[in-house]
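Undergrad: Fold the following for me, if possible:
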Amino acid sequence: MRFGFWRVFIGSFLLLSCLAGIPYLWVTSEVQKDEFKALAEKKASEFLSAHVEIDRIRVGMINRVALSGLRIRSQAKDDDAYRIHVDQIVFRYHPLAFLSRKLSVPSGIILQAPKLLVKQTEFSYDLLKDFKFGTGAESVSSLEFKGGEIFISVPGFRSNIHVQNINGVLRPQMNGEIRVNLKGHLKGLLNGEAKLRGIVAPFERRHDLDLELDSVSLNDELSIPLKDMKGKIRWVNQEFYFDGVQASVYGWDTLIKGELKNLRTAPVLAFSWSAGKKYPALMLTFLADFSNEYVEGSLQWLKEDKHVFRGNIKREKWNFIFNDVLVDDQYSGSGHLDVESGYSRFQFQRGAQRFAAQTNLRDLNFHLAFNLEHAKIYGLDFVTSAEIELKPTRSWEEGRLWSFDGLFRTDYFVLEYAPFSDLQGRFQINSFGVHDIFCSWGHAFEMNGDISFTSKRPEGKFVLQVNGFDLAGVKNFASKPLPKTLGGYLEGKLKMEGVLSKPEISGSFSVKDGVLGKLEYDRGMIHFHGFAPYLPLEDSRILRGRTELYLRGALDLSLANMFHGIRIETADHFVLWKGWEFTTSDTEGDLEIDHIISRLPKIAVKAGLTTGGATLGDTDNMQQDEGYVAIGPKVRF
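TA: Predicted structure coming up:
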């Protein structure tokens with residue numbers, strides 16, 4: 001029983017081998033004939049629109065015939081749009097063609113490792129027209145690429161677009177169109193993986209293709225810093241549509257949407273570009289119509305107010321010139337961008353306010369110069385002449401996070417009408433915020449802090465350190481109305497934290513050997529906490545010998561006189577001063593208060609201990625050795 005099974009199995013195998021081997025032997029013998037060689041050379045010549053000679057022919061798989069040792073003479077001229085070279089062509093036949101012994105027309109053609117040089121930047125319809133697929137029963141149903149290369153020359157650049165390891169198929173359709181499905185690896189001006197799918201009608205000279213990018217980056221020869229591009233670009237004739245292409249710009253995740261039309265005649269470029277993943281930190285819209293030399297767009301930073309611009313644009317090869325640019329209908333300016341070198345410079349002005357920026361997109365070193373006259377930034381008034389230098393902290397290839405080291409210096413700096421002498425400092429900025437901020441002015445002020453961009457509104461955290469500032473010179477520092485005389489040495493810290501437009505502020509300061517108007521005191525302690533602009537005082541006192549008075553109320557930064565709400569009280573909440581001047585007796589050490597009614601005597605404030613009787617006023621009920629504050633007129637005879 002078992003022997004019979006194996007005999008049937010072996011017999012069936014031999015029979016199938018003979019059935020399969022007979023056509024193979026026939027094809028092998030058939031392709032060695034001169035008639036088939038002539039037929040193959042004619043078919044290859046017709047398909048490639050060139051004279052093809054074949055050196056070797058062999059049968060590969062059961063339905064494929066390989067033609068190798070090819071000599072292709074296309075009678076190419078220097079101005080030809082393309083040139084092609086193929087190491088091997090494979091004719092693929094339907095299995096029924098082998099059985100019917102019809103080898104005159106292959107069902108498909110495979111180009112093994114073809115090399116194609118395209119010498120023009122427009123779409124090569126002529127190349128696809130020269131592929132003679134045939135019609136009806138004589139047609140070739142597909143053209144396959146196996147491991148080929150395409151070199152596309154780009155005028156004005158040293159590098160070309162080099163597509164390696166091309167694999168895919170072209171399939172002719174009944175209406176004369178060709179369906180394209182190719183993929184390959186890009187090198188040269190572009191680097192990465194790409195797929196090309198869609199329809200080409202070579203005789204009507206039109207196409208509709210989808211170019212799918214995967215981790216594609218622009219070469220360093222192009223100063224445009226687009227890296228790791230992913231997404232789809234629709235290519236319709238002379239128009240390109242960017243449907244949500246993701247790209248890394250100096251490590252910042254960005255999204256590009258837009259279109260480019262009339263590329264060969266009068267280009268029109270329109271796009272939107274957003275940077276940042278969770279909360280877009282930067283939004284740019286841009287429209288350039290080169291036929292009308294018109295440009296417009298908008299720029300929005302960290303969801304602040306959108307800035308709108310419009311003006312004129314001209315193109316000289318890869319140099320773009322901007323003239324008569326108007327920003328927010330207030331600032332006028334001009335500039336230029338050289339894409340090939342990467343250099344750009346822009347300048348804007350409005351009256352006495354001027355701003356200039358220059359950089360090179362290759363190394364991204366920025367130089368910014370400001371001249372501001374009462375410019376409002378986050379609700380604060382700025383007057384300054386300043387320069388900022390920005391340098392990248394690392395090569396962009398080392399990491400995805402862009403980062404700059406910054407230095408700034410000022411010729412003069414006035415914030416909220418208060419001058420800051422010799423303000424200068426350093427910082428580091430990246431996509432998450434501004435960090436390691438350090439600045440100083442004068443000899444007594446230093447500030448450290450950070451600004452975060454990770455929230456919907458920028459937030460900051462700052463600490464201002466004051467070390468021995470002489471209040472005698474405060475008139476040259478502050479702009480708010482102050483007592484006529486102010487002195488002493490100020491030390492302490494000011495902390496600010498929260499949203500930049502309304503931070504939480506707390507301060508703790510001490511004053512040594514202070515002078516306030518005519519009041520001299522040994523020590524002052526000032527504490528406050530609140531949200532700008534209203535800062536209530538907490539546990540604030542001034543000491544003169546054994547006299548202790550209390551500061552009540554709040555600083556109000558929104559008022560011209562920010563001390564309007566400050567008053568001085570005794571421990572019993574008796575208000576001694578609210579806008580009056582102070583003095584002290586040269587001989588007795590009493591605290592004296594001047595007021596605005598000149599005909600009234602001065603008021604004396606005296607601290608001491610009871611000794612069994614009143615020294616001033618009605619103090620009969622006071623116990624011996626009990627502290628007191630006595631108040632009364634001081635009259636001289």
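
Undergrad: Now do the same contact list for residue 373.
TA: Neighbour list for residue 373: 351, 352, 353, 383 [criterion: CB atoms under 8 Å, 6 or more residues apart in numbering]. For the C-beta atoms, the positions are set from N, CA and C on the backbone; glycine is no exception.

Undergrad: Apart from its neighbours in sequence, what residue is nearest the second one?
TA: Among residues not flanking residue 352 along the chain, residue 373 sits closest, at 4.3 Å (CB to CB, 6 or more residues apart in numbering).

Undergrad: which stretch of helix or strand covers that neighbour?
TA: strand 366-377 (DSSP states H and E).

Undergrad: Which parts of the stretch 51-200 of the chain are strands?
TA: Here the stretch 51-200 of the chain has its strands, by DSSP state E, counting those that start in this stretch, at 51-53, 56-59, 64-68, 71-73, 82-85, 88-92, 108-112, 115-118, 142-152, 161-172, 178-188, 190-201.

Undergrad: Which elements pack onto the second one?
TA: If I follow you right, that is strand 56-59. helix 2-31, helix 34-48, strand 64-68 (3 or more CB pairs under 8 Å, 6 or more residues apart in numbering; DSSP states H and E).

Undergrad: If you count neighbours, what's buried in it?
TA: Within strand 56-59, the residues scored as buried using 16 or more other CB atoms under 10 Å are 57, 59.

Undergrad: The first one now?
TA: Of the residues in strand 51-53, those scored as buried under the neighbour-count criterion (16+ other CB under 10 Å) are residue 52.

Undergrad: For that strand, which helices and strands make contact with it?
TA: helix 34-48, strand 71-73.

Undergrad: so what strands line up beside the last one?
TA: So that's strand 71-73. strand 51-53 (antiparallel) (DSSP bridges).

Undergrad: Quick one: distance of the strand it pairs with to the chain centre.
TA: Mean C-alpha position of strand 51-53 versus that of the full chain (CA atoms, centre = their mean, to the nearest Å) differs by 55 Å.

Undergrad: I'd like the average pLDDT over that strand.
TA: The average pLDDT within strand 51-53 is 79.

Undergrad: circling back: closest one to residue 324 among the strands of the stretch 51-200 of the chain?
TA: strand 190-201 (35.1 Å; CB to CB).

Undergrad: Next secondary structure after the closest one?
TA: In N-to-C order, the element after strand 190-201 by DSSP H and E is strand 206-218.

Undergrad: Residues contacting that following strand, please?
TA: Here strand 206-218 makes contact (CB under 8 Å, 6+ apart) with 123, 125, 180, 186, 189-201, 224-237, 245.

Undergrad: Buried subset of the residues you listed as a PyMOL selection?
TA: In PyMOL syntax, the buried subset of those is picked out as below (16+ other CB under 10 Å):
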select buried, resi 123+125+180+186+189+190+192+194+195+196+198+200+201+225+226+227+228+229+230+231+233+235+245
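
Undergrad: Tell me the confidence at residue 415?
TA: 75.

Undergrad: quick one, phi psi at residue 175?
TA: Main-chain torsions, residue 175, degrees, to the nearest 10: phi -90, psi 10.

Undergrad: Contacts only, for it.
TA: Here residue 175 is in contact with residue 201 (CB under 8 Å, 6+ apart).

Undergrad: ok, now with 10 Å
TA: Applying CB atoms under 10 Å, 6 or more residues apart in numbering, we find residue 175 in contact with 199, 201, 204.

Undergrad: Turn the helices and strands packed on strand 51-53 into CSV, columns for distance to residue 544, mean neighbour count and mean pLDDT.
TA: Below are the helices and strands packed on strand 51-53 laid out as CSV (distance: least, CB to CB, whole Å; neighbours: other CB atoms under 10 Å; pLDDT from 0 to 100):
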stretch, distance to residue 544, mean neighbour count, mean pLDDT
helix 34-48, 106, 17, 76
strand 71-73, 106, 12, 76
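
Undergrad: Out of these, the one nearest residue 324 is which?
TA: Closest of the helices and strands packed on strand 51-53 to residue 324 is helix 34-48, at 54.5 Å (criterion: CB to CB).

Undergrad: what packs against that closest one?
TA: helix 2-31, strand 51-53, strand 56-59, strand 64-68, strand 71-73, strand 88-92, strand 108-112, helix 125-130 (3 or more CB pairs under 10 Å, 6 or more residues apart in numbering; DSSP states H and E).

Undergrad: hmm, back to that, okay, the helices and strands packed on strand 51-53 in JSON lines with distance to residue 532 next?
TA: Below are the helices and strands packed on strand 51-53 laid out as JSON lines (distance: least, CB to CB, whole Å):
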{"stretch": "helix 34-48", "distance to residue 532": "78"}
{"stretch": "strand 71-73", "distance to residue 532": "79"}
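
Undergrad: What's the mean pLDDT across the helix or strand harbouring residue 227?
TA: Here residue 227, judged by DSSP H and E, is contained in strand 226-236. Computed over strand 226-236, the mean pLDDT rounds to 88.

Undergrad: what's the spacing between residue 160 and residue 190?
TA: Distance from residue 160 to residue 190, counting by CB to CB, to the nearest Å: 10 Å.

Undergrad: wait, which of the contacts of residue 175 is closest to residue 45?
TA: So of these, ranked by how close each gets to residue 45 (CB to CB), first place is residue 201, at 24.7 Å.

Undergrad: Can you tell me the closest non-neighbouring residue to the closest one?
TA: Nearest to residue 201 is residue 177, by CB to CB, 6+ apart, at 4.8 Å.

Undergrad: so where's the stretch 401-550 of the chain uncertain?
TA: For the stretch 401-550 of the chain, the stretches flagged by pLDDT under 70 are 401-402, 416-418, 473-484, 517.

Undergrad: and which of the contacts of residue 175 is nearest to residue 526?
TA: Comparing the contacts of residue 175 against residue 526 with CB to CB places residue 199 closest, at 77.9 Å.

Undergrad: In this structure the closest one contacts residue 128, no?
TA: No. Using CB atoms under 10 Å, residue 199 is not in contact with residue 128, being 11.3 Å away.

Undergrad: Identify the contacts common to those two.
TA: With CB under 10 Å, 6+ apart, residue 199 and residue 128 have common neighbours 178, 180, 207.

Undergrad: From residue 87, how far out is residue 301?
TA: Distance of residue 301 to residue 87, computed by CB to CB: 55 Å.

Undergrad: Turn the shared contacts of residue 199 and residue 128 into TSV, columns for distance to residue 465 and pLDDT.
TA: TSV is the format used below for the shared contacts of residue 199 and residue 128 (distance: CB to CB, whole Å; pLDDT from 0 to 100):
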residue	distance to residue 465	pLDDT
178	73	88
180	67	90
207	67	89
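
Undergrad: now, which of those sits nearest residue 469?
TA: Nearest to residue 469 among the shared contacts of residue 199 and residue 128 is residue 207, at 73.0 Å by CB to CB.

Undergrad: If that closest one is in a bridge, with which residues?
TA: residue 200.

Undergrad: again with residue 236
TA: residue 208, residue 239.

Undergrad: tally of neighbours for residue 489?
TA: If you count neighbours by other CB atoms under 10 Å, residue 489 ends up with 17.

Undergrad: so it is in which element?
TA: In this assignment (DSSP H and E), residue 489 forms part of strand 486-499.

Undergrad: Report the distance from that strand to the chain centre.
TA: Using CA atoms, centre = their mean, the offset of strand 486-499 from its chain centre is 35 Å.

Undergrad: what's the answer for stretch 319-330, then?
TA: Stretch 319-330 sits 21 Å away from the centroid of its parent chain (CA atoms, centre = their mean).

Undergrad: What residues sit buried inside it?
TA: For stretch 319-330, a neighbour-count test (16+ other CB under 10 Å) marks 320, 322, 325, 327 as buried.

Undergrad: ok, the residue lying closest to residue 90 once chain neighbours are set aside to residue 39 distance?
TA: Nearest residue to residue 90, sequence neighbours excluded (CB to CB, 6+ apart): residue 110, at 3.9 Å. Residue 110 sits at a distance of 18 Å from residue 39 (criterion: CB to CB).
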